[in-house]
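In: turn this into a structure:
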Amino acid sequence: MDPRVIPLYYISSIAGLIMVAGGILLIYKQKIYVDRESKQVTEVETPIGKFRTNLPALVLFVLGFVPLIYPIVQARGYVEQLQIVGEVEADSFPVNIYAVAQLDSLQKSRTFNISVPYLKGRTQDYIVLYVAGNSLGEQLASVSQIKDGEIRLSKIEISTGSLETYVPNPIPPIPDEFKPPGEEKQP
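Out: Have a look, this model is predicted:
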C-alpha cells in the first residue's frame, strides 16, 4: 500500500464520522423535512401503524458509514512486506518453505520468492526452513542483507537419498485400569 494514501483514509474517516454525527443530530432535532410545503415530517402508514420519518437525515446517517468504514477495510492487515528470494535444488518433492508466517511449496527445483511481514526496528534475523520429505534444511535470512526490500539467499541443495524413512513407534493399547467402565478388557 502506498503511504501517500493513508492521509486520504484519515480524511475519509473524519468525513464519514461527521456525516454520521450530523445525521444523528438532524434526526434528533428533526430539521430536514421531506415535505417542503408543510414543513412537516413525513408520515408513513403501514399495516402495523403510522410511522413518522425524516428520510433525508436517515440517508445521511447511513451513507456516513461508507466513508467511515471504507478506510478501515482497506487498511486491514496492512504491513510492509519484505521479499526473501532463494533457489532450491532437491531430489524429493514437494519442498515446503517456511519463513515467519508464509509458506511456499515447490513441485520442482526452481527459484522461490516469499513475502514476509517486515517490522521496522526488527533486530532478529528470519530463519527459512525447507522441508522435502524427511529432509530438513535451513538458512538464515539476515536483516543486515536487506537491499531494495529484498533478502537474497544462496542456493541450497536438499538430498533425501542418504536418509532412512521415519517410521513412528507403535502406540501401545490403553491398560485395563485406565479404560472407562463398560469398555471391553484386554484378554
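In: who's in contact with residue 6?
Out: Residues near residue 6 by CB atoms under 8 Å, 6 or more residues apart in numbering: residue 75. Every C-beta, even on glycine, is put in place using the N, C-alpha and C of the backbone.
In: and it, what helix or strand is that in?
Out: Here residue 6 sits within helix 6-29, counting by DSSP states H and E.
In: I'd like the distance from that helix to the chain centre, please.
Out: Chain-centre distance of helix 6-29: 27 Å, with CA atoms, centre = their mean, to the nearest Å.
In: and if you look at stretch 88-108?
Out: Counting by CA atoms, centre = their mean, stretch 88-108 comes out at 22 Å from the chain centroid.
In: list of residues touching it?
Out: So stretch 88-108 is contacted by 84, 109-110, 112, 114-117, 126-133, 135, 141, 155-161 (CB under 8 Å, 6+ apart).
In: show me the domain layout of this protein.
Out: 3-75, 81-158 (automatic domain parsing).
In: go ahead and confirm residue 149 touches residue 82.
Out: Yes - contact criterion CB atoms under 8 Å: residue 149 and residue 82 qualify, at 6.0 Å.
In: comparing the two, which residue is more hemmed in?
Out: Neighbours were counted for residue 149 and for residue 82 using other CB atoms under 10 Å; residue 82 has more, 21 against 11.
In: is that one bridged to anything, and to what?
Out: Beta bridges link residue 82 to residue 116, judged by DSSP bridges.
In: same question, residue 131
Out: The partner residues for residue 131, given DSSP bridges, come to residue 96, residue 136.
In: repeat for residue 127
Out: Under the criterion used (DSSP bridges), residue 127 bridges to residue 140.
In: and for it, the neighbour number?
Out: With other CB under 10 Å as criterion, residue 127 counts 12.
In: how much space separates it from residue 75?
Out: 29 Å (CB to CB, to the nearest Å).
In: what about the helices in the protein?
Out: 6-29, 55-63, 65-75 (DSSP state H).
In: compare those and say which comes out lowest on pLDDT.
Out: Note on the helices of the chain: helix 55-63 shows the lowest mean pLDDT, a mean of 74.
In: for the nearest residue to residue 104 once chain neighbours are set aside, give me the pLDDT.
Out: With CB to CB, 6 or more residues apart in numbering as the criterion, residue 104 has its nearest non-adjacent residue at 4.4 Å, and that residue is residue 97. pLDDT recorded at residue 97 is 84.
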